[in-house]
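# Structure for the following, please:
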Amino acid sequence: MLPKIDWDFARADIHFATHGLHPYPARMIPQIARRLIEMYSLPGDKVLDPFCGSGGVLVESMLRGRDSFGIDINPLACLLARVKSTPIDPELLMSYWEKLRAGIEKDIIAARFKQIKVKVPDFSGTNIEYWFKPYMIEELLIIKRHLDEIGKEANLGTKKIREFFNVCFSNTVRVVSGAKKREFKLYRMPKEKWKKYRPNVFEVFKNRVNDSIRRMGEFYELFMGNSLKAKAEVFEADTRKMFTKEFPEEARRQLHEESIDLVVTSPPYGDSRTTVAYGQFSRYSLIWLGFDKKVISEIDKKSLGGNTREKNLDSKILIDVLSRISEKRAADVKSYFVDIEECLDKIYKVVKNGGHACFVLGNRTVNRMKIPTDEIIVELGSRYGFDHVATFHRRIPSKRIPWKSSPTNIPGQKVETISKENIIVLRK
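Reported below is the predicted structural model:
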């Protein structure tokens, strides 16, 4: 009998060190990652997060002396995960910032007085003018041009510096845009508020940089104080493609069968259309960072359940659930679990015998029917050979996911979605 453990962490600081560098939807709180890492692995072990999001599991693994690997299909998630798990001396960052600040400030003042003309790239098809006023576009372009200059001296060490400042820039894009704050789907603020909205772009960027350097300093100090200098690697890839030629070559070298001691992950809770739209959340950050428009538009389609999938799944619980909801929604739910099953297959293969896989997820509601995702994952996992060790429960104090969703996607009809998380522990 396992002793009762409090998993709520209701008063914990979930934004300490680099955990607070940049918002990201439905993050696993670091305290849960840390506890699972300490319970089911040892210093020197290897940890994998196959849906790594912004990299919280990687940060906690490093601080506990475990090498770690993160996989995500979203380029913004991969950027955030790399920066959050790359310790950089804050004094080095300050030296770069002093030069950057002077150059950016000078050019923004010159642009305001029409002393320089800012070249605007091709933003066609992005609807950027709807979300950003002309002065915002001009000043963001000036900042980005200066950031792009970092590392032109062909010093590989400067890539991590440029990426750090790009994360600060992405945060600035989110703050100054017309998107409603505290929303992860794209909704513009009310018209009257937008008319009066005039943030100082450079001040926002400056505040983001100063706060981020402080947070990186905290992470750097924690990391340097650990005798085990663990490292993290991030792969922009699809976990469903692990062990195939479509998986990056370097990732295939590192993540071979039975190479991982522990998996800790929080997969998407459902398809992006009806739960968290990671692509929508990332869209304008990625546009401003210069990512390919086609890549950006495909993020949600490539997510779990993003495409209709036909396959019979050996889960009595799932079959029963699908029979109780509408045919259209049943197809979406089934597609999600077909994708989850593919991932479970890969996760089982990559974990060593005796190793563990921990999943943190919520059970969402579809057509007023609660989907027992935790039980379905246990059932599907057992088909591959996973034993169910435990399921812990956590009440969510304030996780930024949709608390209310439309049960039939009809505006105005709302139902509570997720108020607690389940932490499933499986053993190979």
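# Doesn't Leu48 belong to a strand?
Yes. Per DSSP: H, G, I helix; E, B strand; the rest coil, Leu48 lies within a strand segment.
# Isn't Gln111 up against Glu138?
No Gln there; residue 111 is Ala. Yes. Between Ala111 and Glu138 there is a contact at 5.7 Å, judged by C-beta atoms under 8 Å. The C-beta positions use only the backbone N, C-alpha and C, and glycine is treated the same way.
# List the residues that are in contact with both of the two.
Val118 (C-beta atoms under 8 Å, 6 or more residues apart in numbering).
# Chain neighbours aside, what residue packs nearest to Ile150?
Closest residue in space to Ile150, ignoring its immediate chain neighbours: Arg162 at 4.1 Å, by C-beta to C-beta, 6 or more residues apart in numbering.
# how about the CA coordinates for the helix or strand containing the one you found, as CSV?
Take DSSP states H and E as the rule and Arg162 turns out to sit in helix 158-176. Output of helix 158-176 as CSV, limited to C-alpha atoms (Å, rounded to 0.1, in the frame of the first residue of the first chain):
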residue,chain,number,x,y,z
THR,A,158,26.4,32.6,-29.8
LYS,A,159,23.5,30.6,-31.1
LYS,A,160,22.3,30.0,-27.6
ILE,A,161,22.6,33.7,-26.9
ARG,A,162,20.5,34.6,-29.9
GLU,A,163,17.9,32.0,-29.0
PHE,A,164,17.7,33.4,-25.4
PHE,A,165,16.9,36.8,-26.8
ASN,A,166,14.5,35.4,-29.3
VAL,A,167,12.5,33.9,-26.4
CYS,A,168,12.4,37.4,-24.9
PHE,A,169,11.3,38.7,-28.3
SER,A,170,8.5,36.1,-28.6
ASN,A,171,7.3,37.1,-25.2
THR,A,172,7.2,40.7,-26.3
VAL,A,173,5.2,39.8,-29.4
ARG,A,174,2.6,38.2,-27.2
VAL,A,175,2.4,41.1,-24.8
VAL,A,176,2.1,43.9,-27.3
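# list the helices and strands the strand or helix carrying Tyr348 packs on?
Per DSSP H and E: Tyr348 is located in helix 327-350. Applying 3 or more C-beta pairs under 8 Å, 6 or more residues apart in numbering; DSSP states H and E, one finds that helix 327-350 contacts strand 260-265, helix 316-322, strand 365-366, helix 373-384.
# quick one: furthest residue from the center of this structure?
Taking C-alpha atoms, centre = their mean, the residue of the chain most remote from its mean C-alpha position is Gln115, at 40.2 Å.
# Got phi/psi on that one?
For Gln115, the backbone dihedrals are phi -80, psi -20 (criterion: degrees, to the nearest 10).
# got a list of what Lys181 touches?
175, 189.
# For it, what are phi and psi?
Backbone torsions for Lys181, taken as degrees, to the nearest 10, come to phi -80, psi 150.
# ok, now the one 10 residues further on?
The phi/psi pair for Lys191 (degrees, to the nearest 10) reads phi -50, psi -50.
# Now for it, how many residues are close by?
8 (other C-beta atoms under 10 Å).
# now Ala357
Ala357 has 26 neighbouring residues, counting by other C-beta under 10 Å.
# Let's check: the centremost residue of the chain is which one?
So for the chain, C-alpha atoms, centre = their mean, it's Gly53, sitting 2.4 Å from the centre.
# Please look at that residue and Ile29 and confirm they touch.
No. Gly53 sits out of contact with Ile29 when judged by C-beta under 8 Å, with a separation of 12.0 Å.
# mind checking pLDDT for Ile37?
The model reports Ile37 with a pLDDT of 99.
# Please, where are all the strands along the protein?
Remark: strands assigned in the chain by DSSP state E are 46-49, 67-72, 232-236, 260-265, 351-362, 365-366, 369-370, 387-395, 404-405, 415-416, 420-427.
# what's the closest of the ones you listed to Ser335?
Nearest to Ser335 among the strands of the chain is strand 365-366 (12.4 Å), distances taken as C-beta to C-beta.
# Quick one: mean pLDDT for that closest one?
86.
# Neighbouring strands - and their directions - for that strand?
Strand 365-366 pairs in its sheet with strand 369-370 (antiparallel), by DSSP bridges.
# residues touching Arg35, list them.
The contact partners of Arg35, by C-beta under 8 Å, 6+ apart, come to 5, 7.
# Ile423 versus that one, what's the distance?
Arg35 is 9 Å from Ile423, where distance means C-beta to C-beta, to the nearest Å.
# Identify the contacts common to the two.
Joint contacts of Arg35 and Ile423 (C-beta under 8 Å, 6+ apart) are Trp7.
# is it true that Ile43 touches Asn226?
One thing to correct before we go on: residue 43 is Pro, not Ile. No. Using C-beta under 8 Å, Pro43 makes no contact with Asn226, being 9.2 Å away.
# who touches both of the two?
Counting by C-beta under 8 Å, 6+ apart, the contacts common to Pro43 and Asn226 are Gly65.
# who touches stretch 17-25?
14, 30, 53-54, 56, 59, 77, 80, 83-85, 167, 170-171, 174, 184, 212, 215-216, 218-219, 222, 276, 278, 281, 400-401.
# Make a ChimeraX selection of the buried ones in those.
With 16 or more other C-beta atoms under 10 Å as the burial test, the buried ones among these are selected in ChimeraX as follows:
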select :14,30,53,54,56,59,77,80,83,84,85,167,170,171,174,184,212,215,216,218,219,222,276,278,281,401
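# buried residues in the helix holding Arg162?
160-176.
# Tell me which residues are up against stretch 192-202.
104-105, 108, 133, 135-136, 139-140, 143, 172, 175-176, 178, 188-189.
# I would like a ChimeraX command selecting only the buried ones among those, please.
Buried residues within those, by 16+ other C-beta under 10 Å, are selected in ChimeraX with:
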select :104,108,133,136,139,140,143,172,175,176,178,189
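# Sort out for me which of the contacts of stretch 192-202 are in helices.
104-105, 108, 135-136, 139-140, 143, 172, 175-176 (DSSP state H).
# what's the most distant pair in those residues?
Top of the distance list for the ones in helices among the contacts of stretch 192-202 (C-beta to C-beta): Glu105 and Val175, 18.1 Å.
# Count the neighbours of Leu289 for me.
Neighbour tally, Leu289, other C-beta under 10 Å: 20.
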